[in-house]
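K.L.:
Have a look at this prediction, sequence included:
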Amino acid sequence: MRCKLSSNYDRWKVYRGRSFDEKDLIFSAKRSSFFQLRTSLNVFMAANKMEKVCDFKLKGTFSEDSCTIYKGDSSTIIAQMGKKDTLKSVLLGRDTFQITVEQNVDQAFITALIIILYEIENPPPVASS
């Protein structure tokens, strides 16, 4: 996974293995608009070169402890993530999340989307000289 820094909309591209070759592109994700209060990502599979309609949409935020992933630009939910309050998470101050994935949906794909959401909301610190 890598973020394309030159993009106006925080475009992320996910490739097979360690490749960055376009023939190994699996999918890309980008913010649906530049200014957002709540993160919304449009996800395009590699075969969707025109990107007129997204293949999947992610809406949510880690700060609100939830996100929902939809099939295309529809209301059909394929996965959801939410904060799970456990005794351990309350006592140790560590957040625990629960992810529910519908049948026949690739769990690794959903995990990659949630990692992208986390990375967008928690960018690495910029090194200073």
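P.N.:
It's in.
K.L.:
Quick check: Leu31 touching Thr39?
P.N.:
Let me fix one detail, which is that residue 31 is Arg and not Leu. Yes - judged on C-beta atoms under 8 Å, Arg31 makes contact with Thr39 at a distance of 7.1 Å. All C-beta spots, glycine's among them, are computed from the backbone N, C-alpha and C.
K.L.:
pLDDT below threshold where in this protein?
P.N.:
Applying pLDDT under 70 to the chain picks out residues 1-9, 34-37, 62-64, 85-90, 92-95, 126-129.
K.L.:
which stretches of it form strands?
P.N.:
Counting by DSSP state E, one finds strands in the chain at the ranges 2-4, 11-15, 25-31, 39-45, 56-61, 66-71, 77-83, 97-101.
K.L.:
Make a markdown table from those and add distance to Leu113 to it.
P.N.:
Supplementary listing: the strands of the chain in a markdown table, determined by distance: least, C-beta to C-beta, whole Å:
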| stretch | distance to Leu113 |
| --- | --- |
| strand 2-4 | 14 |
| strand 11-15 | 9 |
| strand 25-31 | 7 |
| strand 39-45 | 7 |
| strand 56-61 | 5 |
| strand 66-71 | 6 |
| strand 77-83 | 8 |
| strand 97-101 | 10 |
